[in-house]
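**Q** coordinates only, sequence not included:
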């Protein structure tokens with residue numbers, strides 16, 4: 001039983017629980033709000049997912065970034081430990097997609113490659129991107145150049161590629177492409193979040 005249930009703002013990017021409301025997700029059947037801490041706290045500009053190409057058991061969830069992050073930390077990931085030390089976690093692939101969809105910083109044309117935009121964990125489930133949707137966020141602080149804006153670069157998710165132990169999923173925040181071609185020892189941006197039951 002949940003001890004408290006958060007009330008959801010109606011506008012993405014609204015201040016909530018010491019951070020910013022970024023969207024809603026279903027994790028193991030339960031609904032949550034994704035909360036972004038301020039950028040100076042949540043972002044790591046240059047970090048590897050892990051320094052090992054071995055499969056990290058328990059880090060393949062598309063929706064449960066917290067469970068993935070715990071598994072990563074147990075396997076020795078400094079990235080995961082950084083997030084946990086902040087009482088945060090690395091978002092899973094579907095969580096990261098929700099954040100991009102709702103807080104896209106740029107006006108770039110969206111990727112329509114592969115799974116980009118398909119998200120069965122989102123509330124409500126979403127279809128693939130179109131070239132113009134999602135559009136640049138309306139939250140001014142999160143627009144490109146804004147104080148809270150995501151950089152238009154690749155961000156790691158905590159979701160390891162299930163069929164390739166050397167790779168993990170990431171998302172580009174210029175055009176939304178979701179991909180897994182970088183090795184886990186490559187250095188990309190990282191972000192840490194938290195969630196609240198709703």
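**A** All right, it came through fine. Just so it is clear, the structure is predicted and the values come from calculations on it, not from any experiment. Numbers count the residues shown, from 1 in each chain.
**Q** Let me know the average pLDDT across stretch 115-125.
**A** For stretch 115-125, mean pLDDT rounds to 93.
**Q** what comes into contact with it?
**A** The contact list for stretch 115-125 (Cβ atoms under 8 Å, 6 or more residues apart in numbering) reads 23-27, 31, 62-63, 94-95, 97-98, 101, 110, 126-129, 176-178. In short, each C-beta sits where N, CA and C put it, glycine included.
**Q** Please flag which of these sit within strands.
**A** 23, 24, 25, 26, 27, 31, 178 (DSSP state E).
**Q** of all these, which two lie farthest apart?
**A** The two members of those with the most space between them (Cβ to Cβ) are 31 and 178, at 22.6 Å.
**Q** Please say which of those two ends up with more neighbours.
**A** Neighbour totals were compared for residue 31 and residue 178, and residue 178 leads with 24 against 15 (other Cβ atoms under 10 Å).
**Q** So that one sits against residue 170, correct?
**A** Yes: under the criterion of Cβ atoms under 8 Å, residue 178 makes contact with residue 170 at 7.5 Å.
**Q** Select from the ones in strands among the contacts of stretch 115-125 the one having the most neighbours.
**A** residue 25 (26 neighbours).
**Q** Just the pLDDT at that one, thanks.
**A** 98.
**Q** And residue 45, which helix or strand is it part of?
**A** Here residue 45 sits within strand 43-48, counting by DSSP states H and E.
**Q** how far does that strand sit from the chain's center?
**A** Offset of strand 43-48 from its chain centre (Cα atoms, centre = their mean, to the nearest Å): 13 Å.
**Q** Would you mind pulling the contact partners of the following helix or strand past it?
**A** Using DSSP H and E, the helix or strand that directly follows strand 43-48 along the chain is helix 65-74. Identification of contacts with helix 65-74 by Cβ under 8 Å, 6+ apart yields 27, 49-50, 56-61, 79-81, 83-84, 89-92, 95, 157-160, 193, 195.
**Q** other SSEs contacting the next helix or strand after helix 65-74?
**A** Using DSSP H and E, the next helix or strand after helix 65-74 towards the C-terminus is helix 78-85. Judged by 3 or more Cβ pairs under 8 Å, 6 or more residues apart in numbering; DSSP states H and E, helix 78-85 is in contact with strand 43-48, helix 65-74, strand 187-191.
**Q** Of all the residues in helix 78-85, which ones are buried?
**A** 79, 80, 82, 83, 84 (16 or more other Cβ atoms under 10 Å).
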